[in-house]
Structure formats: structure tokens, C-alpha cells
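> sequence unknown, structure follows:
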């Protein structure tokens, strides 16, 4: 199959994926990236033969380097999502559930899945404590942590096992303020982070920057169709995490 055909077909796939995710979710950085990628792929496919030998070498090099970097990042993200450190039997563990968007007084679908993952873990580990973390975002009527705590209690978790952190505005603050709350209450620093699998690498990097040594990952069930979009968005979030600790 000619390069032109491969590039154009790949670009069309990216375009269709971006459009579908915009319809089913919303316009976000992730699907905007796939729209841009679609334009680049189709454009490069159409003009490749006109680039000349030097131009072709440059384009091949760019695609190769981009592909290698993407594979490395995906590998690191998969590794972080599968982290597991056994909880200390005499101390249990402290579960930190990272916030996400809410709708009125209800968690969004992505947040509900995080809460369900946390609830399942808490039921299997009765000695663990739960910290729900998330402040009141723009357009939200309540702090995310309040909605999270209410959902957990309504679904059977004892209120005395839940601590609420309601000031955080981003992942870095989620972990920073949760660690402060954890230490104020003399909880175990054997930390279990509950979030989506694509988010675990950034969360673990930020946690380690704060001095948390023992980190486990419990992943919520992200819809498979949305993983590419959120994974791409996380790549840029990782740069922010490394540069600004956010």
C-alpha cells in the first residue's frame, strides 16, 4: 500500500475518532489533538512525493521520533497503572480518591467510576481509610469532595472511614492537601491512589515529589473508546506536572 494511501486513511480515522468523541463527550484538548493530527497526516500524505529527498528524510525522522516517544510514554503510563505495593497489615492503607467533574449534586460518570473502584477496594480492605479530594470548580454547585463523600456513604461506606479535602483545584493540590490531612490524622503513608489508569503516572510522579514513598494504584473503568483521547491529554499534563508540580 502506498504511503499516501496509508497516511490519508490514518488521517481519516483520526478525524472520525475526534468527531465521535466531540459528539459523545465534548470538545477537549484530546480530541482537538486528533483533529490536528488528522490534518497533518492527510496533508503530509498528499504532499509527500513533492517534498524531495531531504524533505522526506526530515518527515520520516519526525514521525519516527514521535512514535518512539509515544511508545515510551504509553509504556510508562501502563507501568504506573499497574503499580502494586502490598498494604502493611498492621497499618492498613490510606486511599486517596482524586476528584473529577460533578453534575449538580451528583458525580459525573468518570467520577462515579472512580468512587466505585474506591468503594470496592474499601470493602475488600476494611482497615483502610479514605480521603476524597476535590474543591468546588467553575460552574459547580458543591465541592467535589462533598459529592464524593455523600455518594460513598449512600452506597454503604461508613462515614467514620472518610476524610474530606475540599480545597484542591488540580492533581498536585489533590495530593498535597491530602498528604497534609493524612499526617494530621496520623494515617498510614502506605498510599493507594484511585483514579483512571491514564492518570496514574502523573499522580504517582506528583506523589513522589511530595515525599510519598509507598504508592499503589487502583484504576477505575475508563470507557475503552475514550482512552486514546485522555491518554494524549495526559502527555501534556505530564509536562506540566514535571515543570510546575501541578
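Happy to help now that I have it. None of these values were measured; they are calculated from a predicted model.

> switch to C-alpha atoms for all contacts and neighbour counts from now on
Noted.

> Residue 212 in helix, strand or coil?
Look at residue 212: counting by DSSP: H, G, I helix; E, B strand; the rest coil, its state is coil.

> Torsion angles phi and psi at the nearest residue to it once chain neighbours are set aside?
Distance criterion C-alpha to C-alpha, 6 or more residues apart in numbering; nearest residue to residue 212, sequence neighbours excluded, is residue 189 at 6.9 Å. Backbone geometry at residue 189, expressed as degrees, to the nearest 10, gives phi -90, psi 20.

> List the residues that contact residue 189.
The contact partners of residue 189, taken as C-alpha atoms under 8 Å, 6 or more residues apart in numbering, are 93-94, 182, 212-214.

> Show the end-to-end separation of stretch 126-135, please.
Start and end residues of stretch 126-135 are separated by 27 Å (C-alpha to C-alpha, to the nearest Å).

> quick revisit: could you save the contacts of residue 189 as CSV and add columns showing pLDDT and distance to residue 13?
As requested, the contacts of residue 189 are arranged in CSV below (pLDDT from 0 to 100; distance: C-alpha to C-alpha, whole Å):
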residue, pLDDT, distance to residue 13
93, 90, 44
94, 95, 42
182, 95, 46
212, 90, 41
213, 85, 41
214, 88, 41
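
> For whichever strand or helix holds residue 64, buried residues please.
Element membership for residue 64, per DSSP states H and E: helix 52-81. Buried residues in helix 52-81, counted by 16 or more other C-alpha atoms under 10 Å: 73-74, 77, 80-81.

> Stretch 12-25 now?
12, 14-15, 17-19, 21.

> Tell me which of those fall in helices.
Taking DSSP state H as the definition of helices, those contribute 12, 14-15, 17-19, 21.

> and of those residues, the nearest to residue 64?
Comparing these against residue 64 with C-alpha to C-alpha places residue 14 closest, at 18.3 Å.
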